[in-house]
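In: next input, structure requested:
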Amino acid sequence: MTQHLEFTARIAGGSVVWDGPDGRPAKSHKLHFPRGAPPQAIEFRINDQTSLGLRFDQSAPFQVWEQEGCPPPGIATDQIEVVHSTSDSVRVVNRNTGAARTLQYQLNVTGMDGKPCPCDPIIDNDGGGSI
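Out: Predicted coordinates:
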């Protein structure tokens, strides 16, 4: 069974803003796979409500790691494998094996002009600092 997720891009304040499938900001969206759940495919799609012609970056459509913060380019975990990618969708498999862990991932999206507009659905920031 494949889980389908669509993230919506819109312009707000002159910048691209991403909303998750539930309408809340994409940075608040979390996927949960319970202990013992079998591997599952996840298909990501984008709903471009901008005039930027947003598409998945085919040179590196998905990046993930097992640490806090924005992941570096590539797949830095044995839990995720990209199995298919087009300009309109990215399909990965989540193995959900071994110890419990949080996977920070990013969907790499570019506009017609080649400018990156990444969608970063997971950020846990409990800091109390100021700018």
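In: quick one: the helices in this protein?
Out: Counting by DSSP state H, the chain yields no residue ranges for helices.
In: I'd guessed L54 sits against D48; true?
Out: Yes: counting by C-beta atoms under 8 Å, L54 does reach D48; the two are 4.3 Å apart. C-beta here means a position set from N, CA and C on the backbone, and glycine is covered the same way.
In: show me the shaky parts of this protein.
Out: 122-131 (pLDDT under 70).
In: name the single longest strand found in it.
Out: Longest strand in the chain, counting residues (DSSP state E): strand 2-12.
In: can you give the distance from it to the centre of its chain?
Out: When C-alpha coordinates are averaged (C-alpha atoms, centre = their mean, to the nearest Å), strand 2-12 and its chain have centres 9 Å apart.
In: got it, and stretch 56-63?
Out: Per C-alpha atoms, centre = their mean, the centroid offset for stretch 56-63 relative to its chain is 10 Å.
In: with stretch 6-14 instead?
Out: The answer for stretch 6-14 is 14 Å, by C-alpha atoms, centre = their mean.
In: export that stretch as CSV, just CAs?
Out: What follows is stretch 6-14, C-alpha atoms only, in CSV (Å, rounded to 0.1, in the frame of the first residue of the first chain):
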residue,chain,number,x,y,z
GLU,A,6,0.5,16.4,-1.5
PHE,A,7,2.2,19.6,-0.4
THR,A,8,0.8,22.9,-1.8
ALA,A,9,3.1,25.8,-2.8
ARG,A,10,1.7,29.3,-2.7
ILE,A,11,3.1,32.8,-2.6
ALA,A,12,2.9,34.7,0.7
GLY,A,13,4.9,37.9,1.3
GLY,A,14,6.8,37.5,-1.9
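In: pull out the buried positions in it.
Out: Of all the residues in stretch 6-14, those buried under the rule 16 or more other C-beta atoms under 10 Å are 7-9.
In: how about the strands in the protein?
Out: With DSSP E as the criterion, the chain has strands spanning 2-12, 15-19, 40-48, 55-56, 62-65, 75-76, 80-85, 89-94, 104-107, 109-110.
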